[in-house]
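*Asks:* have a look; sequence and predicted model below, questions after that.
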Amino acid sequence: MSVEPRRVETAAETAIAARLAGRDAAPAPLAAQRIAAGALLADGLPSRRVEAYRYTDLRAGMRDLAPPAPAAGPAEAAAALAAAWDWPGVAPKRLVFVDGRFVPALSDLATLDGAVTVVQLAPLVAAGDARLEAVGRLAGTVADPVLALNTAFWDDGAMIAVAPGVTVAEPLAIVHLSTAAAPQSTFVRHVVSIGEGATARILEQHAGPAGVAYQSNVAIELAVGAGARLAWVRLQEEGAQALHLSTLVAHTGTGTTFEHLTVTLGAALSRQQAFVRFGGPDARLALHAATHMDGRRHADHTVVVDHAVPDCASTERFRSVVADEARSVVQGRINVWPRAQHTDARMMTQAILTGDGAEAINKPELEIFADDVQCGHGATCGRLDDDQLFYLRARGIPAAEAEAMLLEAFLAETIEGIDDAPVVEALKGRLAAALGRTGDRP
């Protein structure tokens, strides 16, 4: 006779079940999605026993579900934006969410022309608007507990559409801010479509206070139309005690070019995951990330790329600087399905450790079902080069400054792939500050 062990619910799992039971009925387009999300979450949060979460035990890391964030006052919201917004030389159109809610007063939708349309989601939910049918079409293709949490609880977000054939001269910034003074949770969903032949740039920023254990979960569904070109830059600089979870589900069309850069400087525990599927041939994808972690913080980048059609190319490049007792996790999976002949897929992960207790975990995976492809992956992990440090020290540069210079150069090489000089310079400034650099940057 065998007795199966009884799973004991954590405080977070109990709170999730209670909040699911207490939610108001969703309008028809969302009801089935939320029921399915609740069913997935009924199995509990993923632990190390789940392979995709083997190195990021969310069951242990998310010990409770913080209560929903209250609406911030106008003064608090404006102060949060003033503290976080620092993009010298960059003048984007701006979409601001504070504590999970859209704030029109801090946004500038009135300045958008017909090339870009933005619709807030919360009013659509309240009215049961039929346009909600567009929400969840892409997210429904991914079964993942972090995404399921977002599906179950998101309250606001935006539908953003770039018209076919247009070139949007200025980037669009999607800014997520927290004013938390006590633990609170926010869930936001965005649905973004880039029309056929369009060219656009999007900045995504996440920031909040340093001393509060708030929780943020953002999901983005992105459809890139045939022949479109999209550059997306994501800056995650949440507070040092925050829990940050994010999911990107993207589908690309024929002949698209999609570049995505993530710069991670914040949060106590973060998991940033992307699920990208090629839906048309002759498409190009670049997924790059630069990460700096110190203290005992934990950053997880998980990427799954599905090459489902022929003649597509993808590159994934991750660079991490890990100090003290921090941990960086990079999990990258490339699937090349039987029809995806002439695929060119390459992945590289590189990490520099600057602390005796620092840890970098790299887990690249390739699964190939086609026979005419070029695929490869590599990983490196090590310390700074003593010869390079000696070279700088011999020229009178203090040891700490010399080390910071080399680390910044290591991470900046990833950032410089973005063809937008003001954005690159702004991100380099953030890196320099995170690394404690005080001297002039070259």
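*Replies:* Thanks, I have it. Residues are numbered from 1 along each chain as shown.
*Asks:* outline the domain layout of this protein.
*Replies:* 11-280, 384-442 (automatic domain parsing).
*Asks:* what's the most buried one of those?
*Replies:* Of the domains of the chain, the one with the most neighbours on average (mean count of other C-beta atoms under 10 Å) is domain 11-280, at a mean of 19. C-beta coordinates here come from the backbone N, C-alpha and C atoms, glycine included.
*Asks:* related to what we said a few turns ago, export the domains of the chain to CSV and tack on mean pLDDT and distance to His301?
*Replies:* Listed next are the domains of the chain as CSV, based on pLDDT from 0 to 100; distance: least, C-beta to C-beta, whole Å:
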stretch, mean pLDDT, distance to His301
domain 11-280, 95, 6
domain 384-442, 87, 12
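*Asks:* nearest to Phe318 among the ones you listed would be which one?
*Replies:* Nearest to Phe318, of all the domains of the chain, is domain 384-442, at 7.9 Å by C-beta to C-beta.
*Asks:* in this structure, which spans are helices?
*Replies:* With DSSP state H as the criterion, the chain has helices at 11-22, 28-41, 58-61, 74-84, 121-127, 145-153, 386-393, 399-415, 421-434.
*Asks:* elements contacting the fourth one?
*Replies:* Helix 74-84 sits against strand 93-98, strand 172-177, strand 199-207, with contacts defined as 3 or more C-beta pairs under 8 Å, 6 or more residues apart in numbering; DSSP states H and E.
*Asks:* can you redo the ones you listed as TSV with distance to Ala139?
*Replies:* Formatted as TSV, the helices and strands packed on helix 74-84 follow (distance: least, C-beta to C-beta, whole Å):
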stretch	distance to Ala139
strand 93-98	18
strand 172-177	17
strand 199-207	17
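*Asks:* ok, now how distant is the nearest residue to Ala351 once chain neighbours are set aside from His301?
*Replies:* Computed as C-beta to C-beta, 6 or more residues apart in numbering, the closest residue to Ala351 that is not its neighbour in sequence is Ala360, at 3.5 Å. Computed as C-beta to C-beta, to the nearest Å, the Ala360 to His301 distance reads 11 Å.
*Asks:* if we can go back for a sec, now the domains of the chain in JSON lines, with distance to His377?
*Replies:* Below are the domains of the chain laid out as JSON lines (distance: least, C-beta to C-beta, whole Å):
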{"stretch": "domain 11-280", "distance to His377": "16"}
{"stretch": "domain 384-442", "distance to His377": "16"}
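*Asks:* on that earlier part again, need the residues touching each of Ala360 and His301.
*Replies:* When contacts are counted by C-beta atoms under 8 Å, 6 or more residues apart in numbering, Ala360 and His301 are jointly contacted by Val330.
*Asks:* which one of the helices of the chain lies closest to Thr354?
*Replies:* helix 399-415 (7.3 Å).
*Asks:* next, the angle helix 386-393 makes with the closest one.
*Replies:* Interaxial angle, helix 399-415 versus helix 386-393 (axes from the mean of the first three to the mean of the last three C-alpha atoms, to 10 degrees): 120 degrees.
*Asks:* show me how far helix 399-415 is from its chain's centre.
*Replies:* Helix 399-415 sits 23 Å away from the centroid of its parent chain (C-alpha atoms, centre = their mean, to the nearest Å).
*Asks:* which elements pack onto it?
*Replies:* If you count contacts as 3+ C-beta pairs under 8 Å, 6+ apart, helix 399-415 packs onto strand 257-264, strand 284-293, strand 313-322, strand 344-353, helix 386-393, helix 421-434.
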